[in-house]
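>>> This is a predicted model, with the sequence first.
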Amino acid sequence: MTGRRKYQDVKRVCYSCGSERSYFDIIRKYEHWYNNHPIKEMWLCENCNNKYIKNPINNPRRIVFIKSQIHIKNIPRIGVCNLCRNVVGFDCKRTLIHHESYHNDDPLKDTLECCNRCHRRRHMNII
């Protein structure tokens, strides 16, 4: 047996959702599993890997830009609201990036970092 065949015969269970199945690649004829811990046999299925590792919702480099999510090279948030000076962890839970205007060449141009309250008020044109 080749190394790949042995690798496929191991029974895996996703430690996040408990599933015994993952995405099956029809061309290469194997399931995609991700080992999240180098020592222990802890496996993630394709869906959980995409949800928690690859594209987590709380990724600090992810922003919404013209109705799509993009990833920025540097972290755009510092954790302080530009309008009311609330600090994440003390005064608010998180900050959001608010675009005053959109520029395709630079997604961070004309942006403000706002807490939820100020972001909502900005959209209602109160602030």
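Looks like it arrived, so ask away. None of the values given here were measured: they were computed from a predicted structure.
>>> Domain ranges for this protein, per the record?
Domain segmentation of the chain under automatic domain parsing yields 3-54, 62-123.
>>> Now the longest one: average pLDDT?
Put plainly, it is domain 62-123. For domain 62-123, mean pLDDT rounds to 89.
>>> what bridges to Phe24?
Note on Phe24: beta-bridge partners Glu31, judged by DSSP bridges.
>>> what sits against it?
30-32 (C-beta atoms under 8 Å, 6 or more residues apart in numbering). C-betas here are computed from N, CA, C, even on glycine.
>>> do Val88 as well
79-80, 94-95.
>>> ok, which stretches of the chain are strands?
Ranges of strands in the chain, per DSSP state E, are 24-25, 30-31, 34-35, 43-44, 62-65, 68-71, 95-99, 111-115.
>>> okay, the ones you listed, which one's buried deepest?
Mean neighbour count (mean count of other C-beta atoms under 10 Å) peaks for strand 43-44 among those, with a mean of 24.
>>> From the contact counts, what lies against that one?
strand 34-35 (3 or more C-beta pairs under 8 Å, 6 or more residues apart in numbering; DSSP states H and E).
>>> Alright, I will stop here.
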